[in-house]
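**Q** Okay, predicted coordinates and the sequence, questions at the end:
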Amino acid sequence: MLITLLEIFSWVFYIYDFIILAHIIFSWIPNIYNYKIPRVIGNIGGWFLRPFSGWLVVGPIDLTPLAEQAQVFAKN
């Protein structure tokens with residue numbers, strides 16, 4: 001029972017990692033949030049990434065969320 005519950009939590013966090021990665025990629029595309037799916041992904045993944053936003057900006061691209069995502073993948 002406990003192993004199954006841990007596997008479920010593991011899968012939820014794994015899926016959430018991909019939602020955050022999709023949010024990062026969508027944030028680089030102009031006017032993408034006019035569509036429903038990117039807007040939903042932005043609402044789900046954005047609350048976690050907002051505190052990190054703006055720390056590593058190169059030109060018009062904010063690389064901070066990508067650096068944060070690399071850190072999360074490195075821990076796994």
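**A** Okay, I see it.
**Q** how about low-confidence regions in the chain?
**A** Counting by pLDDT under 70, the ranges of the chain that qualify are 2, 72-73, 75-76.
**Q** and the longest helix for it?
**A** helix 2-27 (DSSP state H).
**Q** Show me what it is packed up against.
**A** helix 36-49, helix 64-75 (3 or more Cβ pairs under 8 Å, 6 or more residues apart in numbering; DSSP states H and E). For every residue, glycine as well, the C-beta is placed using N, CA and C.
**Q** looking at those, which is closest to residue 55?
**A** Closest of the helices and strands packed on helix 2-27 to residue 55 is helix 64-75, at 4.4 Å (criterion: Cβ to Cβ).
**Q** The closest one relative to helix 36-49, how many degrees between them?
**A** 70 degrees (axes from the mean of the first three to the mean of the last three Cα atoms, to 10 degrees).
**Q** contacts for helix 64-75?
**A** Where contact means Cβ atoms under 8 Å, 6 or more residues apart in numbering, the residues beyond helix 64-75 that reach it are 17, 20-21, 23-24, 27, 49, 52-57.
**Q** Narrow those to those that are buried.
**A** 20, 21, 23, 24, 27, 49 (16 or more other Cβ atoms under 10 Å).
**Q** measure the third one to residue 69 for me?
**A** Counting by Cβ to Cβ, to the nearest Å, the gap between residue 23 and residue 69 amounts to 9 Å.
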